[in-house]
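Participant: Fold the following.
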Amino acid sequence: MIEVLLAVGIIAGLLVVVLFFYQQAAQLRTELLLDAERSAAARLLMDRVTGELRTARTHSYYATPMAGGADYIQFITTDLPSQANWSGERFGRITRPETDLKFVRYGLEVSAEDTNVVGLTRTEEPLVEFRTVAATSAVLQATETNRTSALVITDQFRFVWFRYWDGYGWVEEWNHTALPRGIEVSLGAEALPPETEPAEYPYEVFRRVIYLPNSAPVEEDPFFDLLDPAPKTAEVRR
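Facilitator: Numbers count the residues shown, from 1 in each chain. You can find the predicted model right below:
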């Protein structure tokens, strides 16, 4: 009887150990799958933002072609017209005007019930305006109707941080007549803790620095003449 009880105890102990390692392995596998999915989503999102920012351009009507802060960015970009413009709709006619210019806005969506961040939203609308005011007073912004119907493109990221390279250093706001030379985009899965600066974000972050080919050279744009001519060193965290 004692030997049987001893054997049963040893078997039970071995089963507990095996079950513990199995749970650890299953948890590790789940975490690796989540990390892989998050990395793939970050790469796809970064590629999409990069493609749109690299086709950003100025506009003869709007004084500021790009405006943004630390948690949002809005700009004018170009895109190919839809296939209907090439193949024609019914009876070979186009029933609505279409432009290759569009206004795009990225930002964080906050829940209406509380202050929790839902995810990253994207707003897109064709850049077709009736020119009733002077170009210097035209302001580029999303309409209220379009803002309320903004599309949440991903709920895996609840932190976004934009920084703008002005030729000499990084700034967290941009509202000028010229495009910045580059934009740094940072994404995080967790929301920014209260009373915490974006530079002190404590969790894992995905970061990419995007160069804007259509930005004017420093010596050719009057905006950059107002900057301090002495270059400043800027640290890019990886």
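Participant: Only C-alpha atoms from now on, for both contacts and neighbour counts.
Facilitator: Will do.
Participant: pLDDT value on residue 98, please?
Facilitator: At residue 98, the model reports a pLDDT of 69.
Participant: Next SSE downstream of the helix or strand of the chain with the lowest mean pLDDT?
Facilitator: Every helix and strand of the chain was ranked by mean pLDDT, DSSP states H and E. The lowest is helix 144-148, at a mean of 45. For helix 144-148, the succeeding helix or strand toward the C-terminus, using DSSP states H and E, is strand 151-154.
Participant: Touching that following strand from outside, list them.
Facilitator: 109, 119-123 (Cα atoms under 8 Å, 6 or more residues apart in numbering).
Participant: would you list every one of the strands in this structure?
Facilitator: Ranges of strands in the chain, per DSSP state E, are 66-68, 72-78, 101-110, 117-126, 151-154, 159-165, 170-171, 174-176, 182-188, 205-211.
Participant: What angle do strand 182-188 and the last one make with each other?
Facilitator: What separates the directions of strand 205-211 and strand 182-188 is an angle of 160 degrees, with axes from the mean of the first three to the mean of the last three Cα atoms, to 10 degrees.
Participant: returning to that earlier point: got a winner among the contacts of strand 151-154 for most neighbours?
Facilitator: Neighbours here mean other Cα atoms under 10 Å. Within these, the largest count is held by residue 120, at 24 neighbours.
Participant: and residue 78, what pLDDT?
Facilitator: pLDDT for residue 78: 87.
Participant: Could you figure out how far the longest helix belonging to the chain is turned away from strand 72-78?
Facilitator: Identified as the longest helix of the chain according to DSSP state H is helix 2-54. For helix 2-54 against strand 72-78, the angle by the same axes, to 10 degrees is 50 degrees.
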